[in-house]
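Student: please work out how this folds:
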Amino acid sequence: MNALEIVRRAVGEHLSPGDFAIDATAGRGYDTAMLARITGEKGRVLAFDIQPEAVDSTRALLEREGLCAEVVLASHADMAKYASPDSASVILFNLGYLPGGDHSVYTRAESTIAAVTAGLDILKRGGLMCVTIYSGGANGYAERDALIPFFASLDDKKYQVLSLSFHNWKKDPPLPFFIIKN
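Tutor: Numbering: from 1, shown residues only. From the prediction side, this is the model:
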């Protein structure tokens, strides 16, 4: 089992038909499509990406699969402009760069911390935020090194923060964080 499978299993346990979910980093659209399949026709899925290529890729995947989601060309840091407080059941982040895309464009700690902060307000009570950090490469270490203490600083009366570590993986394994709003 890998990090992606574990995160998807957790999302599946927290999300139901008719719910509202956010894919904060749409990428190629696979997570957006998964969220749309789970929430169904009566649910709502909102996805963000700053790259037109990612938005186009996500929209094309959704169209091929006959799924509906609102895909926005904007930073995930702007999600509060598109969603109300206490409304989302799940918010999903996969940090890093667009697979198969321009590796000079990647998530950065400043915008990710702003997005997580906005998302915590949007997340409803009992909701789940999953943030998977892919360290290594041009961006990963700096983003990881900023996010881990940020997560540790969250008020433990408002949030439970869990992390998953693959201790025997070589190089830089993904680091999934699960934040549950109390």
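Student: what are the ranges of the strands in the chain?
Tutor: 20-23, 44-49, 70-73, 88-94, 123-133, 159-163, 175-181 (DSSP state E).
Student: can you put those strands in a markdown table and add mean neighbour count, distance to Y82 and mean pLDDT?
Tutor: For every residue, glycine as well, the C-beta is placed using N, CA and C. Formatted as a markdown table, those follow (neighbours: other CB atoms under 10 Å; distance: least, CB to CB, whole Å; pLDDT from 0 to 100):
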| stretch | mean neighbour count | distance to Y82 | mean pLDDT |
| --- | --- | --- | --- |
| strand 20-23 | 27 | 8 | 98 |
| strand 44-49 | 25 | 6 | 97 |
| strand 70-73 | 16 | 6 | 98 |
| strand 88-94 | 26 | 11 | 97 |
| strand 123-133 | 21 | 14 | 97 |
| strand 159-163 | 14 | 22 | 97 |
| strand 175-181 | 20 | 19 | 97 |
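Student: which of the ones you listed sits closest to R64?
Tutor: Closest to R64 of the strands of the chain is strand 70-73 (CB to CB; 13.7 Å).
Student: pull up the pairing partners for that closest one, direction included.
Tutor: As defined by DSSP bridges, the strand partners of strand 70-73 come to strand 44-49 (parallel).
Student: tilt between the strand it pairs with and strand 88-94?
Tutor: Orientation check (axes from the mean of the first three to the mean of the last three CA atoms, to 10 degrees): strand 44-49 against strand 88-94 gives 20 degrees.
Student: can you pull the contacts of A118?
Tutor: Counting by CB atoms under 8 Å, 6 or more residues apart in numbering, A118 makes contact with A77, D78, M79, A80.
Student: please tabulate the residues you listed in TSV, including the columns pLDDT and neighbour count.
Tutor: Formatted as TSV, the contacts of A118 follow (pLDDT from 0 to 100; neighbours: other CB atoms under 10 Å):
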residue	pLDDT	neighbour count
A77	96	21
D78	97	15
M79	97	23
A80	97	15
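Student: tell me which of those is nearest to G127?
Tutor: Within the contacts of A118, proximity to G127 (CB to CB) peaks at M79, which comes in at 13.6 Å.
Student: retrieve the pLDDT associated with the closest residue in space to the closest one that isn't next to it in sequence.
Tutor: Using CB to CB, 6 or more residues apart in numbering and skipping the chain neighbours, the partner closest in space to M79 is A118 (5.2 Å). The per-residue pLDDT reported for A118 equals 98.
Student: cool, thanks, talk later.
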